[in-house]
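Visitor: What follows is a predicted structure for the sequence shown.
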Amino acid sequence: MLQLQRQQDIMDILKKKKEQTVKELCAALYCSPATIRRDLCSLEKQGLLRRSFGGAVLNESFFDQQPLLIRAVKNIAEKQRICAKAAKLICPGQTIFIDSSSTTYFLAPYLRDIPELTVVTNNPYLNVVLSQMKVNNYCTGGKMLTSSIALVGSEAERFIRGIHADAFFFSARGICNGQIFDSSKNERDIKITMLEHSDKHYFLCDSTKLEQSYPYKIADQSLIDETITE
């Protein structure tokens, strides 16, 4: 079993059970105690759980802030379909903002053949991928959020304010009652800055995010030009 998938399975079990011993996790996932302990140590460093004697307890105040590398392996086919639709809205010669989310990362393959496109992102992974594909792009500076692989903070926002984009493509953790939400204040602030400095706004949202509410509001859905789903 891949490490990321195994850690996702651990989190899924803890969301249901709240607390598990190493022995119980070994039985559920058919893994050795040493492997489970390494995974628990990694997840604890990310703030998702608290290790206890012989096991782990879910950190309920942070469990929704799953690391990007875990979110990236979920609903891949749906995200690819969404991004294929979104890419058709991009015109040659445009400058676009793309946020650091697991959904918008899948836009990359569709951008290769769009002439004279310029991408501005706070996602260093996307920056590297686009550079390898010879797509003109800029990555903001700022503080790195290690769990999300996102650059945030005042330096990132200042960089964005110096650019006016034709369009902004973004995702978020949920949408509920016509409002779009995120679980991270820092990432919310970046998305709002990109919204304010772009002409068109496209929200990429798979069906698992419908009717999901989180602490930080990004925008009313009415302010978005199009919500793109699978």
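Guide: Perfect, thanks for sending it.

Visitor: Does the spatially most central residue of the chain belong to a helix, a strand or coil?
Guide: Compute the mean C-alpha point of the chain, and by Cα atoms, centre = their mean the closest residue is Ser101, 2.7 Å away. Of the three states, Ser101 takes coil under DSSP: H, G, I helix; E, B strand; the rest coil.

Visitor: Name the surrounding residues that touch stretch 135-142.
Guide: The contact list for stretch 135-142 (Cβ atoms under 8 Å, 6 or more residues apart in numbering) reads 111-112, 114, 116-124, 126-127, 130-131, 151-157, 159-160, 163. Where you see a C-beta, it was placed from the backbone N, CA and C, and this is true even at glycine.

Visitor: Which of the residues you listed fall within helices?
Guide: Under the assignment DSSP state H, the contacts of stretch 135-142 contribute Leu111, Pro124, Leu126, Asn127, Leu130, Ser131, Ser154, Glu155, Ala156, Glu157, Phe159, Ile160 to helices.

Visitor: mind checking how far the nearest residue to the residue nearest to the centre of the chain once chain neighbours are set aside is from Tyr202?
Guide: Setting aside the residues directly before and after it, Ser101 is nearest to Ser171 in space (Cβ to Cβ, 6 or more residues apart in numbering), at 3.9 Å. Taking Cβ to Cβ, to the nearest Å as the measure, Ser171 falls 10 Å from Tyr202.

Visitor: of the two, who's got more company?
Guide: Ser171 (27 against 23; other Cβ atoms under 10 Å).

Visitor: How much space separates the more buried one from Tyr30?
Guide: Note on Ser171: its distance to Tyr30, by Cβ to Cβ, is 33 Å.

Visitor: related to what we said a few turns ago, what sits against the residue nearest to Ser101?
Guide: Ser171 neighbours (Cβ under 8 Å, 6+ apart): Asp99, Ser101, Ser102, Thr103, Thr104, Phe203, Leu204, Cys205, Lys209.

Visitor: separation between the second one and Ile82?
Guide: According to Cβ to Cβ, Ser101 and Ile82 sit 11 Å apart.

Visitor: and the longest helix for this structure?
Guide: In the chain, taking DSSP H as the definition, the longest helix is helix 3-17.

Visitor: Identify all contacting residues around the helix or strand following that helix.
Guide: Under the assignment DSSP states H and E, the closest C-terminal helix or strand after helix 3-17 is strand 19-21. With contacts defined as Cβ under 8 Å, 6+ apart, strand 19-21 is touched by Ile10, Ile13, Leu14, Ala28, Ser52, Gly54, Gly55, Ala56, Val57, Leu58.
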